[in-house]
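>>> turn this into a structure:
(2 chains)
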Amino acid sequence: MTDLSVSLPQARPSLLAPSARMRRRNAAERRFRLYGLAAIAVSLAILAIMLATILRDGVSSFTQARLSFPVTLPAEVLDPKGNRDPAEMGKVTTIGYGKVLTAAFLAELERRGIAEDGVGAKKVAELISKDAPGTLRARVLADPALIGGTIDASVFASGRIDGYLKGRVTLESAERDSNISPGQLRLAQKLVEAGMLTSGFNWSFLTNPDASDQRPEAAGLGVAILGSLYMMVLVLIMCVPVGIAASIYLEEFAPKNRWTDAIEVNISNLAAVPSIVYGILGLAIFINFAGLPQSSSLVGALVLSLMTLPTIIIATRAAIRAVPPSIRDAALGVGASKMQTVFHHVLPLAMPGILTGTILGLASALGETAPLLLIGMVAFVDNYPAAPPEGILDPATALPVQVYSWASRSDPAFIERSNGAIIVLLVFLVAMNVAAILLRRRFERRW
Amino acid sequence: MSVPMTLAAVLVLALAGFLLARHRALATAGGNPRLLHSLPAYYGWFGAIRVLVPGLVTLSLWLVLQPLVIESRIAATLPPALSADPAVRELALTDIRRLAEGLDIAVAAGALTPGAAAALSPPEARASLAAIGVALGSDVTPEVLAAAQDYRTAAARGAMLRTALTLAAALAGLLSAFRRSHKDFRARNSVERVVLWLLIAASSIAVLTTVGIVWSMVSETFDFFAKYPAKDFFFSLTWSPNFRGGSDLGIVPLIWGTLYITLIAMLVAVPIGLFAAIFLAEYATRRTRAWVKPLIEIIAGIPTVVFGIFALITVGPALRDWFAQPLGLGNSGSSVMTAGIVIGILNIPFISSLSDDIINAVPQSLRDGSLGLGATRSETVKQVILPAALPGIVGAVLMATSRAIGETMIVVMGAGAAAKLSLNPFEAMTTMTVKIVGQLTGDTDFASPETLVAFALGMTLFVITLGLNIFALWIVRKYREQYE
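Predicted coordinates:
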């Protein structure tokens, strides 16, 4: 016994005071927990930073600087024949309207006595957007009665002036900028004080088509939103019936054989194929082989449909599987055929799940960019596609593609637009996801 | 009759088929639906299907075959000067088709009377088409105009025949449906058989897509290897395409860039994703979990182009100003590091939600046993749960790797375009996907190896990602622990 007491070097420590080893283990435990917490914090912080930078850079694209001044429309310039016939007035190009606009602007500045040293007439005219003459021309051609009178024009200021009002362009940056001079900015400041240069909500960002590199202030998302809308509707029409039919077959009717196995393996692999491969498929088959027009919404929708199909099939199958077998047994028991059981009982019960999956599939299709680049949707499109059905063959672009093509232009004003486009895209995505969540909440059933 | 009109006529006939077949079946039962084998609507659907199937099949077959037949006949009548060389013949046929279609448009728009359109001289034809906005590539020669007129008469005759045959087939179907609609006829069974075939056809589309993907890439890839040696493609260390010819199209720098970026992405995504999953599954309270899990999954719902912008505007410049330039490693905002980190962020929710599911699938009894023996929670996670969940987690990581390899927008906007073999992570490098986009956007000439190489790259990408996925599924299946 004495041996034993010798072999115990010290008395057993108190249960209340942890041993050194236990302290180490507890410290490791705390560290481990901290790593987990840090991982979550990092992910959420990145998400927050990302959304914050997009909002910071993008919200300003919804406002736009406009110059307002009276414009007298001289009949002898704009309608030389004097018969107010829009066809003949169409011969006066935007250059002619540009001169009218510039003259009116200079006259107004002179009347108000606003001037800036070293800013000549040409430099003053640069404050007006290059888009303005076209807008004025369209307005006059739509209403020839305006000619000869004086109208209150409210036209875009040039992109740099807009940037000045938003703080993107400063007197220092203007020193190094060949497109704007500090004098012009000081003049703009005087115009703001005189109330001629104002900044307001910019609907045309949502409705205008894209504009060339020189006119960021006029670029809008109209064509992109329309193109995305066409594609989503087409994806819905093409993809959902096929997806549901395929899921019904695989879940309810398919015998266990090689063919159905092949289909199963295929679907799970297709869901993992990189999206750009679908772009190659679209280019090779729909454009080169079938001869469908490049950059049309139809080709885009076909590609997105093939891409979304596996997602929808997987979601639909899960929804069908969630319907308990007792429902099927009961229907079969009262004499329904297999087909009647599926279409009259299983499918309606699975519908909320199918709808949720479909909306989420569409949302991911809406944000897809890479395959659309390959089928030519990145091309510059400044005409609205026609109304469907012909319009689905017209060139169009899509929201995420517009984000990319603006981001790759050099003028920083386009970066702002690009972020604005992301905000619009995210609004659509959030709306779709909220719809899916509400649907699930409203109709989810626990068996 | 135009195609939409024919289609409408077939639909009207189908409606008639529905009503007639249903009515006749009821009539044979003396108006008492209980004497019928199937519900009355099934007889109706049977009638409609009997009209639609033959009608639509005839119509679509005709629409596919007619241009082929007409063109081969026109090609046979072309003078030898136009028909000798296949490329010239193809061009001439395109001209003929455009001219014929233009004349039809002119007649439809009322710019020409049908008689005047048939009697045009070549210069007049060009002028009158220009007036309605149809531009012709080359001058209209008399032979081409004559062929175009032949084309128009043949097409017009074809359209007549098409309408007649389609309607005849639909009517025949209607008649047979009417004759077979009898109270003892098993209408439901035959309707259900058709529906089953439709379902099978729909599920085959998935297989057809795969076939389409493989076929579209294989044929062009073979074209490419006929023009450019496969050995150089796979083993050459330089990538410098030159659209005037004499390009070096070695895939090695692209594979290097892809793998380097993927490695960095995984170094970001795996620890963060895994720890997030462990915390959510083992430590978080129910309430935290209900809030945090959807928030992390929001990241997965954000389009990749948004991550691209994030890389381009925020991450790239930040890395350049804070790391690359102070360390003297480079001046480029787009770099392997930028793209890798952002792709890693994109993959965090993917790894965390997959691992979360897998960790949750480990039975509670294992945890209880380990905790009961006195292990701390972290020891339980490290020594019991992770080993049990390992195959699933490896599978998830492999799938995330395959996604990172195939990611396009982030690397297009964040990685740069220069193909380089370098170890410096702050240097701009490029990947296979970037080059696919680069070689296939803009004006492309599908005869040059510089364009076709994109298909070979796509094929390589497809094989790599598919292989990784199959491997991941195999691992999950093979090493999955079976509980209960």
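
>>> against residue A:274, how distant is the residue of the stretch 351-484 of chain B found nearest chain A?
Nearest residue of the stretch 351-484 of chain B to chain A: residue B:406, at 2.5 Å (CB to the nearest CB). (Glycine included, C-beta is placed from N, CA and C.) According to CB to CB, to the nearest Å, residue B:406 stands 2 Å off from residue A:274.

>>> need the overlap of contacts for the two.
Shared contacts of residue B:406 and residue A:274, defined by CB atoms under 8 Å, 6 or more residues apart in numbering or on different chains, are found at B:433, B:461, B:465.

>>> how about the secondary structure of the closest residue to chain B within the stretch 51-200 of chain A?
Nearest residue of the stretch 51-200 of chain A to chain B (CB to the nearest CB) works out as residue A:53 at 5.2 Å. The three-state assignment at residue A:53 reads helix, by DSSP: H, G, I helix; E, B strand; the rest coil.

>>> so which residue is smack in the middle of chain B?
residue B:209 (7.3 Å; CA atoms, centre = their mean).

>>> can you name the element that comes right after the helix or strand hosting it?
Assessed by DSSP states H and E, residue B:209 sits inside helix B:187-227. Going down the chain from helix B:187-227, the next helix or strand is helix B:230-235, by DSSP H and E.

>>> which elements pack onto that following helix?
For helix B:230-235, the elements it packs on are strand B:248-249, judged by 3 or more CB pairs under 8 Å, 6 or more residues apart in numbering or on different chains; DSSP states H and E.

>>> list the buried ones in the longest strand seen in chain A?
In chain A, with assignment by DSSP state E, the single longest strand is strand A:63-72. Neighbour counts over strand A:63-72 (16 or more other CB atoms under 10 Å in any protein chain shown) mark A:63-67, A:69, A:71 as buried.

>>> stretch A:368-384 now?
Within stretch A:368-384, the residues that count as buried by 16+ other CB under 10 Å are A:368-379, A:381-382.

>>> how about stretch A:194-211?
Those would be A:196-198, A:202, A:204-205, A:208-211, for stretch A:194-211 by 16+ other CB under 10 Å.

>>> okay, how far is it across that stretch, tip to tip?
29 Å (CA to CA, to the nearest Å).

>>> near chain B at all, it?
No: using CB under 8 Å from any CB of the partner chain, stretch A:194-211 stays clear of chain B, coming no nearer than 16.0 Å.

>>> average pLDDT for that stretch?
Averaging pLDDT along stretch A:194-211 gives 87.

>>> what do you get for stretch A:339-356?
The average pLDDT within stretch A:339-356 is 92.

>>> picking that back up, now intersect the buried residues of stretch A:194-211 with the strands, please.
Reading strands off those with DSSP E, I get A:197-198.

>>> looking at the buried residues of stretch A:194-211, spot the one nearest residue A:182.
Closest approach to residue A:182 among the buried residues of stretch A:194-211 (CB to CB): residue A:197, at 16.3 Å.

>>> which residues does the closest one contact?
By CB under 8 Å, 6+ apart, the residues touching residue A:197 are A:65-67, A:157, A:161, A:165, A:188, A:191.

>>> so what's it bridging to?
Assessed by DSSP bridges, residue A:197 has beta-bridge partners residue A:67.

>>> quick check: angle from the helix or strand hosting residue A:310 to helix B:187-227?
Assigned by DSSP H and E, residue A:310 belongs to helix A:297-321. Helix A:297-321 and helix B:187-227 are oriented at 130 degrees to each other (axes from the mean of the first three to the mean of the last three CA atoms, to 10 degrees).

>>> please name the nearest non-neighbouring residue to the residue of the stretch 51-200 of chain A closest to chain B.
Closest residue to residue A:53 in three dimensions, ignoring its sequence neighbours and counting by CB to CB, 6 or more residues apart in numbering or on different chains: residue B:314, at 5.2 Å.

>>> count of neighbours near residue A:422?
Using other CB atoms under 10 Å in any protein chain shown, residue A:422 has 30 neighbouring residues.

>>> on the three-state scheme, residue A:280 is what?
Applying three-state DSSP to residue A:280 yields a three-state assignment of helix.

>>> show me what from the stretch 201-350 of chain A comes close to chain B.
So the stretch 201-350 of chain A meets chain B at A:241-243, A:245-250, A:253-254, A:262-263, A:266-270, A:272-281, A:283-285, A:288-289, A:306, A:309-310, A:313, A:337-339 (CB under 8 Å from any CB).

>>> change it to 7 Å
Residues of the stretch 201-350 of chain A lying close to chain B by CB under 7 Å from any CB of the partner chain are A:242, A:245-246, A:248-250, A:253, A:262-263, A:266-267, A:269-270, A:272-277, A:280-281, A:283-285, A:288, A:306, A:309-310, A:337, A:339.

>>> so which helix or strand takes in residue A:187?
Using DSSP H and E, residue A:187 maps to helix A:182-194.

>>> and the angle for that helix with strand A:63-72?
80 degrees.

>>> tell me who's in contact with residue B:265.
Taking CB atoms under 7 Å, 6 or more residues apart in numbering or on different chains, we find residue B:265 in contact with B:340, B:343-344, B:347, B:404.

>>> also residue A:184?
Contact analysis of residue A:184 by CB under 7 Å, 6+ apart lists A:119, A:123, A:126-127.

>>> now do residue B:418
Residue B:418 is in contact with B:428-430, counting by CB under 7 Å, 6+ apart.

>>> which stretches of chain A have low pLDDT?
Applying pLDDT under 70 to chain A picks out residues A:1-13, A:447.

>>> strands of that one, residue ranges please.
Along chain A, the segments classed as strands by DSSP E run A:63-72, A:150-156, A:197-201.

>>> and the first one, what does it pack against?
Counting contacts by 3 or more CB pairs under 7 Å, 6 or more residues apart in numbering or on different chains; DSSP states H and E, strand A:63-72 is packed against helix A:94-112, strand A:150-156, helix A:159-166, strand A:197-201.

>>> ranking the ones you listed by burial, who's on top?
helix A:159-166 (a mean of 25; mean count of other CB atoms under 10 Å in any protein chain shown).

>>> alpha carbons only: can I get that helix in PDB?
Output of helix A:159-166 as PDB, limited to C-alpha atoms (Å, rounded to 0.1, in the frame of the first residue of the first chain):
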ATOM      1  CA  GLY A 159     -21.500  62.400 -68.500                       C
ATOM      2  CA  ARG A 160     -18.600  64.300 -66.900                       C
ATOM      3  CA  ILE A 161     -20.900  67.100 -65.700                       C
ATOM      4  CA  ASP A 162     -23.200  64.400 -64.300                       C
ATOM      5  CA  GLY A 163     -20.200  62.900 -62.600                       C
ATOM      6  CA  TYR A 164     -19.300  66.300 -61.100                       C
ATOM      7  CA  LEU A 165     -22.700  66.600 -59.500                       C
ATOM      8  CA  LYS A 166     -22.300  63.100 -58.100                       C
END
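
>>> tilt between it and strand A:197-201?
Per the same axes, to 10 degrees, the angle that helix A:159-166 makes with strand A:197-201 is 80 degrees.

>>> so who does whichever residue of the stretch 301-447 of chain A sits closest to chain B touch?
Residue of the stretch 301-447 of chain A nearest chain B, by CB to the nearest CB: residue A:367 (2.8 Å). Residues counted as contacts of residue A:367 (CB under 7 Å, 6+ apart) are A:400, A:425, A:429, B:303.

>>> run the last query once more with 10 Å
Neighbouring residues of residue A:367 by CB atoms under 10 Å, 6 or more residues apart in numbering or on different chains: A:228, A:398-400, A:403, A:422, A:425-426, A:428-429, B:301-306, B:409.

>>> now, which of the residues you listed lie within helices?
Mapping the contacts of residue A:367 onto helices (DSSP state H) picks out A:228, A:399-400, A:403, A:422, A:425-426, A:428-429, B:301, B:304-306, B:409.

>>> these into CSV, with extra columns for distance to residue A:355?
Compiled in CSV, the ones in helices among the contacts of residue A:367 are given as follows (distance: CB to CB, whole Å):
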residue, distance to residue A:355
A:228, 20
A:399, 23
A:400, 24
A:403, 28
A:422, 27
A:425, 22
A:426, 22
A:428, 17
A:429, 17
B:301, 17
B:304, 25
B:305, 26
B:306, 26
B:409, 28
